[in-house]
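Chemist: My questions are about this predicted structure, shown below with the sequence.
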Amino acid sequence: MLTLLLATALGLSSLGATLEDPPKAGKPEAAHAVKAEPAKTAQAEPEKAAKEPAKPTKKRTSIAIPEKEETPKVEAPHPAPTPRPRPATRSVADPKLANAEARAAKLAAENAKLQEALARKELPSSGEIRTPGEALVELKAGNARFAEGRRVRTLLSSQDPELRQALSKGQAPFAVIVTCSDSRLMDNFIFDQELGRLFTIREAGNCPDIQGVASVEYAVEHLGSKLVVVLGHTACGAVKAVSEAGGKPLPGNLWSLQAAMAGLLETTPEDPNESTAEHLRHLETNNAIRQAQAVLDRSELVRHLVSSGKLQVLPAVYDLASGKVRFLELLVASKSGEKAHH
């Protein structure tokens, strides 16, 4: 029995020894241990891989940002279409242009001097206009130059500074022009007269009101004007408006045109054989005559100067297309108080 127990104890101890000995024998166990470690790293790496997918996306976004910054750089060469040899040709032509401009400026200066000489030659020797007849001759000559496209006085820009200085000390216009407010009626151009030679009163329909008549009196009495021209024109909008209204009041303050032209339609009946345009021409002519007569009728001062031969009042009509002014006759008050053609 004792022997059996000892044998059993020895067997267990040898079995324990065999169980504890494998580390010494080492190779098979080490191989086994090596195989176990890779399994752990393999398990750890997938975990890292599972945790690290965000890193690539961060790298991708950081890579995408420079790409967006680079796109404007790629577009930079785009703005200039390189075919720009044109400035070169222009710079080559610049000397020729400069020479041409210099020659043109020289010719313009010479032309201005010639025009000044011509203007002085056409003026009366004294340079002054003393009578209504001389004033009328000057207006007709100036209008002829304008209509023929050879203005002289209104092109003398070289004498403008000297002229302004002289006029700042006073004025002595030889004629008064009562005309329409129409933008196409620049009387200085129409009669080819420079600053200071025409005293202009402009009212729609060339119908001077009380202030207009007062302005005429000021020019003829204090400035010494020798001629008053009441200048109507073709295609007058004011006359047309009064004609088309047919007696019905015009809107706003336009009724004043009808008041100023009172009696015009009645004294200019329409001929059944004439066109509407022809009838309008007759109305424009008759209106110029009636407004010139109104200046005389409303101003005792003007009548006195006319009767004494110091002043003349004339109606006229300007043709927009031809540029010509047609002077008309007028019935004026004579010294005896009777009406006579003038």
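Modeler: Nice, I can see it.
Chemist: List the buried residues of stretch 97-116.
Modeler: Gln115, Glu116 (16 or more other C-beta atoms under 10 Å). All C-beta atoms are positioned from the backbone trio N, CA, C, and that covers glycine.
Chemist: With stretch 218-231 instead?
Modeler: Quick answer for stretch 218-231 (16+ other C-beta under 10 Å): Ala219, Val220, Gly224, Ser225, Lys226, Leu227, Val228, Val229, Val230, Leu231.
Chemist: which of those lies closest to Ala100?
Modeler: Leu231 (41.7 Å; C-beta to C-beta).
Chemist: Does Asn188 fall in a helix, a strand, or a coil region?
Modeler: helix (DSSP: H, G, I helix; E, B strand; the rest coil).
Chemist: How about Ile201?
Modeler: Ile201 ends up strand, using three-state DSSP.
Chemist: going on from the longest helix seen in the chain, what's the next piece of helix or strand?
Modeler: When the chain is parsed with DSSP state H, its longest helix is helix 86-122. Downstream of helix 86-122, the first helix or strand assigned by DSSP states H and E is helix 132-147.
Chemist: Kindly spell out which helices and strands sit in contact with that next one.
Modeler: Contacts defined by 3 or more C-beta pairs under 8 Å, 6 or more residues apart in numbering; DSSP states H and E place helix 132-147 against strand 175-179, helix 187-190, strand 227-233, strand 312-318, strand 325-327.
Chemist: and Ala135, which of those is closest to it?
Modeler: Using C-beta to C-beta, these put strand 227-233 closest to Ala135, at 3.9 Å.
Chemist: Quick one: low-confidence residue ranges for the stretch 201-342 of the chain.
Modeler: 331-342 (pLDDT under 70).
Chemist: please redo it, this time with the cut-off set to 80
Modeler: 330-342 (pLDDT under 80).
Chemist: can you count the residues close to Ile289?
Modeler: Other residues within reach of Ile289, judged by other C-beta atoms under 10 Å, total 20.
Chemist: Return the residues in contact with it.
Modeler: By C-beta atoms under 8 Å, 6 or more residues apart in numbering, the contact set of Ile289 is Pro315, Leu328, Leu330.
Chemist: Tell me the spacing between the second one and Lys140.
Modeler: Leu328 sits 13 Å away from Lys140, taking C-beta to C-beta, to the nearest Å as the criterion.
Chemist: who's more crowded, the two?
Modeler: Of the pair Leu328 and Lys140, Leu328 is the one with more neighbours under other C-beta under 10 Å, namely 16 against 12.
Chemist: Could you find the closest non-adjacent residue to that one?
Modeler: Nearest non-adjacent residue to Leu328, counting by C-beta to C-beta, 6 or more residues apart in numbering: Pro315, 4.4 Å away.
Chemist: Quick check: beta-bridge partners of the one you found?
Modeler: Val230 (DSSP bridges).
Chemist: of all the contacts of Ile289, which comes closest to Cys207?
Modeler: Pro315 (12.3 Å).
Chemist: which residues does that closest one contact?
Modeler: Counted by C-beta under 8 Å, 6+ apart, Pro315 has contacts Val229, Val230, Leu231, Gly232, Ala288, Ile289, Gln291, Ala292, Phe327, Leu328, Leu330.
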